[in-house]
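>>> sharing a sequence plus its predicted fold:
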There are 2 protein chains.
Amino acid sequence: MSITFADPRTLTAAELEEGARFAPRFDAHGLVTAVAQEAGSGRVLMVAHMNAEALSRTIESGEVHYWSRSRKALWKKGETSGNFQHVVEMRTDCDQDAIWLRVKVLGHDATCHTGRRSCFYRTVGLSDGKAMLADDGSKPLFDTEQTYRKPV
Amino acid sequence: MSITFADPRTLTAAELEEGARFAPRFDAHGLVTAVAQEAGSGRVLMVAHMNAEALSRTIESGEVHYWSRSRKALWKKGETSGNFQHVVEMRTDCDQDAIWLRVKVLGHDATCHTGRRSCFYRTVGLSDGKAMLADDGSKPLFDTEQTYRKPV
């Protein structure tokens, strides 16, 4: 990992909030939260996590890398599906514990493992005192069964 | 709390991903991640967390509530500054552990405690192998010192 980050514990609150050093505030698991958004449409695509290596590789390569908490592994988005995320712009927030990625999606223009364009394909509403979801009708843009089939 | 959610542990993966029951998958701290976005511009404003009560109150009232991890308290966004967030649309993602809020900001049209419109006022870039931040020039939209002054 060739990119260096500042250590947020060495910065004052003012330096963290107003300064020019990138000092990601990783949580107890070494992660920051990342939000990926379609640069063109503004549609929010997914929320995931990055560790220092994922951040470093993303900044170096311009291709988004996450940390998969379920697989406990570095995850170059699109490595299986071809739906890579190319960084258009990367931002951090006031206390540097979150990342906003404006991206261009390659491949099938899909982000979700269900094949849909965005992981956020259901709206939340109320029905008889119960919180219910309504599908927005978005369809899979690629054959997920074929794409994610495990090698035999 | 009058709104009921489904328990994700009682659902199959297919029900969780494709079903109509809202079954938020709270983490070990009882929280889901929430992303607030300006409904009009698509600008990402902030990333924060919600517990069951914050989710319930948000759905009931149409005004966004979070859980403040630093203050360990329910937090109606705007309760001090007047910069309330009115829900335009609320979505959840495929595995129901994240919330996307499209909001209209009231008050000063500001979200950040620094007074700025968005918490994401700095872009991340590379300079001599170091990850550096560039301020986008956005200015405080209200007097934060006056607004957040503690009563004497």
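In hand now; what should we look at?
>>> which single residue of chain A ends up nearest chain B?
Using CB to the nearest CB, the single residue of chain A nearest to chain B is A:G42, 2.6 Å away. Where you see a C-beta, it was placed from the backbone N, CA and C, and this is true even at glycine.
>>> secondary structure element for the closest residue to that residue other than its chain neighbours?
Residue nearest to A:G42 in three dimensions, not counting chain neighbours: B:G42, with 2.6 Å by CB to CB, 6 or more residues apart in numbering or on different chains. For B:G42, there is no helix or strand it lies in under DSSP states H and E.
>>> which residues in chain A form strands?
Assigned by DSSP state E, the strands in chain A fall at A:32-38, A:44-50, A:65-68, A:73-76, A:85-92, A:98-105, A:122-127, A:130-135.
>>> can I get those strands in a markdown table with mean neighbour count, distance to A:F26 and mean pLDDT?
As requested, the strands of chain A are exported to a markdown table (neighbours: other CB atoms under 10 Å in any protein chain shown; distance: least, CB to CB, whole Å; pLDDT from 0 to 100):
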| stretch | mean neighbour count | distance to A:F26 | mean pLDDT |
| --- | --- | --- | --- |
| strand A:32-38 | 23 | 6 | 98 |
| strand A:44-50 | 24 | 9 | 98 |
| strand A:65-68 | 20 | 10 | 98 |
| strand A:73-76 | 15 | 15 | 97 |
| strand A:85-92 | 20 | 12 | 98 |
| strand A:98-105 | 23 | 11 | 98 |
| strand A:122-127 | 17 | 30 | 96 |
| strand A:130-135 | 16 | 32 | 96 |
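>>> format those as TSV; extra columns: distance to chain B.
Shown next, in TSV, are the strands of chain A (distance: least, CB to the nearest CB, whole Å):
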stretch	distance to chain B
strand A:32-38	5
strand A:44-50	4
strand A:65-68	12
strand A:73-76	15
strand A:85-92	4
strand A:98-105	4
strand A:122-127	4
strand A:130-135	4
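>>> what would those look like in CSV with distance to A:Y148?
Converted to CSV, the strands of chain A look like this (distance: least, CB to CB, whole Å):
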stretch, distance to A:Y148
strand A:32-38, 19
strand A:44-50, 16
strand A:65-68, 14
strand A:73-76, 13
strand A:85-92, 17
strand A:98-105, 17
strand A:122-127, 21
strand A:130-135, 21
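>>> and the residue of chain A most remote from its centre, how far from B:A20?
Computed with CA atoms, centre = their mean, the residue of chain A farthest from its C-alpha average is A:D128, at 34.2 Å. Using CB to CB, to the nearest Å, A:D128 is found at 13 Å from B:A20.
>>> and for A:G107?
Separation of A:G107 from B:A20 (CB to CB): 29 Å.
>>> go on, A:R21?
Taken as CB to CB, the span from A:R21 to B:A20 is 46 Å.
>>> give me the more crowded residue out of the two.
A:R21 (18 against 14; other CB atoms under 10 Å in any protein chain shown).
>>> hey, what's the more buried one bridged with?
Residues in a beta bridge with A:R21, per DSSP bridges, are B:M132.
>>> so who does A:N83 touch?
A:K77, A:V105, A:L106, A:G107, A:H108, A:D109, A:A110, A:T111, A:F142 (CB atoms under 8 Å, 6 or more residues apart in numbering or on different chains).
>>> out of those residues, who's the most crowded?
Highest neighbour count within those, by other CB under 10 Å: A:T111, with 28 neighbours.
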